[in-house]
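A.B. asks: This is a predicted model, with the sequence first.
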Amino acid sequence: MAEVLEAIEAPDVPTGKSYLVVVRLAYKGIKSRPFSIPAKDMRDLINKLKIEVSKLKFMELVMGLPEVRRLIT
């Protein structure tokens, strides 16, 4: 689950509209620290969040859930 905390329009981006989105992930009962993701639109944000969740799953597989908890909180 991802919690969107804030979305700010990025100032003067030459490639078009862009946003800086502050999110917090919840994974297996663990809430991450808030972090920002640059995104062009909602589809781009969703794809980037899927990548972040994949990273968490891989970290859990390699290091275990206690280490994931230590790293993301």
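C.D. replies: Looks like it came in fine.
A.B. asks: give me the element the residue most central in space within the chain is part of.
C.D. replies: Residue closest to the mean C-alpha point of the chain, counted by CA atoms, centre = their mean, is residue 49 at 4.9 Å. Under DSSP states H and E, the secondary-structure element containing residue 49 is helix 42-63.
A.B. asks: State the pLDDT value of the residue nearest to the centre of the chain.
C.D. replies: pLDDT for residue 49: 96.
A.B. asks: now the one 10 residues further on
C.D. replies: According to the predicted model, the pLDDT of residue 59 comes to 95.
A.B. asks: Can you give me the neighbour number for it?
C.D. replies: If you count neighbours by other CB atoms under 10 Å, residue 59 ends up with 16. For glycine as for every other residue, the C-beta is placed from the backbone atoms N, C-alpha and C.
A.B. asks: Just confirm it contacts residue 68, I think it does.
C.D. replies: Yes. Using CB atoms under 8 Å, residue 59 is in contact with residue 68, at 5.0 Å.
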